[in-house]
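Student: sharing a model prediction with you, sequence too.
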Amino acid sequence: MIIYFLNNYIYMAEDYYNILNISKSASADEIKKAYRKLAVKWHPDKNKDPGAEDRFKKISEAYDILSDESKRSQYDQFGHAAFQQGGGHGGGFPGGHDPFDIFDSFFKRGNSGQRGGFDGFFTRESNGRQNRNNLGSNMKANVEVRLQDIIKEKSINLSYNRDDKCNPCNGTGQSDQSHSSVCMQCGGRGSVIRNMGILQMEQECPVCSGSGTMIKNPCTSCGGRGISSKKMNTNIKIPIGVHSGMKLRMSDLGNYDKGGYGDLYVFIHVLNDEIYKRDGDDIIRDLETNFVDMILGTQIELDSLYGKVKLKVPPKSKPESVLRVNEYGIPNMNTHNKGDMYVVLKPKFPSELSDVQTKILKEYKQTIV
């Protein structure tokens, strides 16, 4: 343990590695696992021991430093002195961050605004800190395209309605006569506590919608919400060679809230084609061919995704024979190299025969040994 003076107070600096019960060679995953275990154990909303909060702060401080490669390197070189005043992090909490914010961030799921499995089980007054204004919600749209649409550059227009920023108040929800006051329901916290037996759930305040404030004389256009409905038109660029189920993320094209815009997620579905069956980057099609041409061989012209193409049918081709036409398939999404087209020969027989045709076939039959 190292003792040094900080802001005229004696600061007892316990080794960060010892705090997390890890070695100095611990990996990033080992640091995370150690913090997860100890932070949950010592969180003051769960652990009612008098010293739990101080221990929780030390654990968060240690994680804040050791989880950052740059800070960890400074700490390994200079110890706690690297984070004294003048060392780049200021006074108070040497790591530079609120320990409860670190906890919230650690257990938050990605950047979707949703929290992990510990949300609602830990609550804290946090000295008047208000909840972060969430970004607007994400939106989903489904787009159908044909095979012909994915073999070359193509953009399609997408129209939809979304919650947008109110123009008259620029999304603030206020007018020239507006003034705000602290929400009486939540006391300005933006959330309310709901007791559920031995548990406490923290939920968004239903009165102020999490803002912590109430607006008097709000914008008459949006009623203080800062939001109005708007019809959107945007061009969606369809990736060459796209597959069904692919998701495109269009930043800031989702619903608006006072924290900003959510995203629009476009899910692409490639329609089945009446002629062509897709197999990866290749396509397969059936081709009805006169049985005589299959026996004698011929050259025919057939349709493809790229227009007409000539195909040579070898003599004595059997039913279900497969012929390949190179680079007449779907372009690969990554390389744009085209797949192939496979043509399955289906013999076509006449429904009726003339006398001459019947005579010829009988004569042929007599030649078969």
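Tutor: Yep, it's here.
Student: number of nearby residues for the residue nearest to residue 153 when sequence neighbours are not counted?
Tutor: Nearest non-adjacent residue to residue 153, counting by C-beta to C-beta, 6 or more residues apart in numbering: residue 240, 6.7 Å away. All C-beta atoms are positioned from the backbone trio N, CA, C, and that covers glycine. Look at residue 240: counted by other C-beta atoms under 10 Å, it has 17 neighbours.
Student: measure residue 240 to residue 155 for me?
Tutor: Counting by C-beta to C-beta, to the nearest Å, the separation of residue 240 from residue 155 is 12 Å.
Student: residues contacting residue 155?
Tutor: Residues near residue 155 by C-beta atoms under 8 Å, 6 or more residues apart in numbering: 235, 236, 237, 238.
Student: just the strands in the stretch 251-369 of the chain please.
Tutor: 256-257, 260-261, 264-270, 277-279, 282-290, 298-304, 307-313, 322-325, 341-348 (DSSP state E, counting those that start in this stretch).
Student: in its sheet, what does the last one sit against?
Tutor: Meaning strand 341-348. Strand 341-348 sits in its sheet next to strand 282-290 (parallel), strand 322-325 (antiparallel), going by DSSP bridges.
Student: among those, which is nearest residue 313?
Tutor: strand 282-290 (6.2 Å; C-beta to C-beta).
Student: let me see the residues that make contact with the closest one.
Tutor: 147, 275-278, 300, 302, 305, 311, 313, 317, 328-330, 339-348.
Student: spatially nearest residue to residue 222, not counting backbone neighbours?
Tutor: Per C-beta to C-beta, 6+ apart, closest to residue 222 is residue 166, 4.0 Å.
Student: circling back: out of the strands of the stretch 251-369 of the chain, which one sits most buried?
Tutor: Highest mean neighbour count of the strands of the stretch 251-369 of the chain: strand 256-257, a mean of 22 (counted as mean count of other C-beta atoms under 10 Å).
Student: partners of it in the sheet?
Tutor: strand 260-261 (antiparallel).
Student: pop the domain breakdown of this structure in here.
Tutor: 2-128, 131-173+226-271, 174-218, 277-367 (automatic domain parsing).
Student: which one of those domains has the poorest average confidence?
Tutor: Looking over these, mean pLDDT reaches its minimum on domain 2-128, with a mean of 70.
Student: contacts for the helix or strand containing residue 31 next, please.
Tutor: If you go by DSSP states H and E, residue 31 is part of helix 28-42. Applying C-beta under 8 Å, 6+ apart, the contact partners of helix 28-42 are 20-22, 26, 46-47, 52, 55-56, 59-60, 62-63, 66-67, 103, 106, 118.
Student: C-alpha coordinates for that helix, PDB please?
Tutor: Provided in PDB are the C-alpha atoms of helix 28-42 (Å, rounded to 0.1, in the frame of the first residue of the first chain):
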ATOM      1  CA  ALA A  28      -8.000  -8.300 -20.600                       C
ATOM      2  CA  ASP A  29     -10.600 -11.100 -20.300                       C
ATOM      3  CA  GLU A  30      -9.200 -12.000 -16.800                       C
ATOM      4  CA  ILE A  31      -9.500  -8.300 -15.800                       C
ATOM      5  CA  LYS A  32     -13.100  -8.200 -17.000                       C
ATOM      6  CA  LYS A  33     -14.100 -11.400 -15.200                       C
ATOM      7  CA  ALA A  34     -12.500 -10.200 -12.000                       C
ATOM      8  CA  TYR A  35     -14.300  -6.900 -12.100                       C
ATOM      9  CA  ARG A  36     -17.700  -8.500 -13.000                       C
ATOM     10  CA  LYS A  37     -17.500 -10.800 -10.000                       C
ATOM     11  CA  LEU A  38     -16.300  -8.200  -7.500                       C
ATOM     12  CA  ALA A  39     -18.500  -5.300  -8.700                       C
ATOM     13  CA  VAL A  40     -21.600  -7.400  -8.300                       C
ATOM     14  CA  LYS A  41     -20.500  -8.600  -4.900                       C
ATOM     15  CA  TRP A  42     -19.700  -5.200  -3.400                       C
END
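Student: and residue 151, what is it in contact with?
Tutor: 240, 241, 305, 306, 330, 331.
Student: what's the distance between the first one and residue 279?
Tutor: Spelled out, it's residue 240. Residue 240 is 18 Å from residue 279, by C-beta to C-beta.
Student: need the strands for the stretch 101-250 of the chain, in chain order.
Tutor: 139-145, 154-165, 174-182, 191-196, 199-204, 213-218, 227-238, 247-250.
Student: so who does the closest residue to residue 228 other than its chain neighbours touch?
Tutor: Among residues not flanking residue 228 along the chain, residue 166 sits closest, at 4.6 Å (C-beta to C-beta, 6+ apart). Counting by C-beta under 8 Å, 6+ apart, residue 166 touches 173, 219, 221, 222, 225, 226, 227, 228.
Student: output the residues you listed as a markdown table; include the columns neighbour count and distance to residue 183.
Tutor: A markdown table is the format used below for these (neighbours: other C-beta atoms under 10 Å; distance: C-beta to C-beta, whole Å):
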| residue | neighbour count | distance to residue 183 |
| --- | --- | --- |
| 173 | 22 | 14 |
| 219 | 24 | 18 |
| 221 | 15 | 22 |
| 222 | 20 | 18 |
| 225 | 19 | 15 |
| 226 | 24 | 16 |
| 227 | 21 | 19 |
| 228 | 18 | 23 |
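Student: what is the nearest of those to residue 247?
Tutor: residue 227 (25.6 Å).
Student: which residue is the nearest non-sequential neighbour of the closest one?
Tutor: residue 163 (4.7 Å).
Student: how close does that neighbour sit to residue 265?
Tutor: 16 Å.
Student: just to revisit the earlier point, and the helix holding residue 31, how far out from the chain's middle?
Tutor: Relative to the centre of its chain, helix 28-42 is centred 26 Å away, using C-alpha atoms, centre = their mean, to the nearest Å.
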